[in-house]
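# need a 3D model of the sequence below.
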Amino acid sequence: QVQLVESGGGLVQPGGSLRLSCAASGFTFSNVALSWLRQSPGKGLGWISEILTGSASTYYTASVKGRFTISRDDAKSMLYLEMSSLKPEDTAVYHCALGSEATWSLVGYWGQGTQVTVST
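Sure thing, here's the model as predicted:
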């Protein structure tokens, strides 16, 4: 079955960087678009970035554009999110998901998440 397992979260100071990873299995990784979602304290789950098949195109929500970079390694079935210039408002649980901004909630597969806390 579909499995998505995130890792790499932690506590980081404002202005710092983190790299999140997502190990995927149970489907043909190279054939699907993938997204990163996040859930901030007291808020719902929201889309922040997507990467299309073959790394052809990437998209970001405005609040992370220029600071976050999504990438994928189809040979390893891995999805990544490089985060830099982190802000306290980036504090959230980060999830990888099947699908794009338009489809992730319809597809319905995302991982358990990894906690990112940006604080002094």
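# can you give me the strands in this protein?
Secondary structure of the chain by DSSP state E: the strands cover 3-7, 10-12, 18-25, 34-39, 45-51, 58-60, 68-73, 78-83, 92-98, 114-118.
# need the ones you listed in TSV with distance to W104, mean pLDDT and mean neighbour count, can you?
Where you see a C-beta, it was placed from the backbone N, CA and C, and this is true even at glycine. Listed next are the strands of the chain as TSV, based on distance: least, CB to CB, whole Å; pLDDT from 0 to 100; neighbours: other CB atoms under 10 Å:
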stretch	distance to W104	mean pLDDT	mean neighbour count
strand 3-7	11	98	16
strand 10-12	24	98	14
strand 18-25	13	98	18
strand 34-39	5	98	22
strand 45-51	6	97	20
strand 58-60	12	97	16
strand 68-73	13	97	18
strand 78-83	13	98	20
strand 92-98	4	98	23
strand 114-118	17	98	18
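# Throw those strands into JSON lines and include distance to L106, thanks.
Converted to JSON lines, those look like this (distance: least, CB to CB, whole Å):
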{"stretch": "strand 3-7", "distance to L106": "16"}
{"stretch": "strand 10-12", "distance to L106": "31"}
{"stretch": "strand 18-25", "distance to L106": "18"}
{"stretch": "strand 34-39", "distance to L106": "12"}
{"stretch": "strand 45-51", "distance to L106": "12"}
{"stretch": "strand 58-60", "distance to L106": "17"}
{"stretch": "strand 68-73", "distance to L106": "20"}
{"stretch": "strand 78-83", "distance to L106": "19"}
{"stretch": "strand 92-98", "distance to L106": "10"}
{"stretch": "strand 114-118", "distance to L106": "24"}
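# who wins for proximity to G108 among those?
Ranking the strands of the chain by proximity to G108 (CB to CB) places strand 92-98 first, at 8.1 Å.
# from the contact counts, what lies against that closest one?
strand 3-7, strand 18-25, strand 34-39, helix 104-107, strand 114-118 (3 or more CB pairs under 8 Å, 6 or more residues apart in numbering; DSSP states H and E).
# wait, S85 touches G15, no?
Yes. Between S85 and G15 there is a contact under CB atoms under 8 Å: 6.1 Å.
# which one's more surrounded, those two?
Between S85 and G15, counted using other CB atoms under 10 Å, S85 has the larger neighbour count: 13 against 10.
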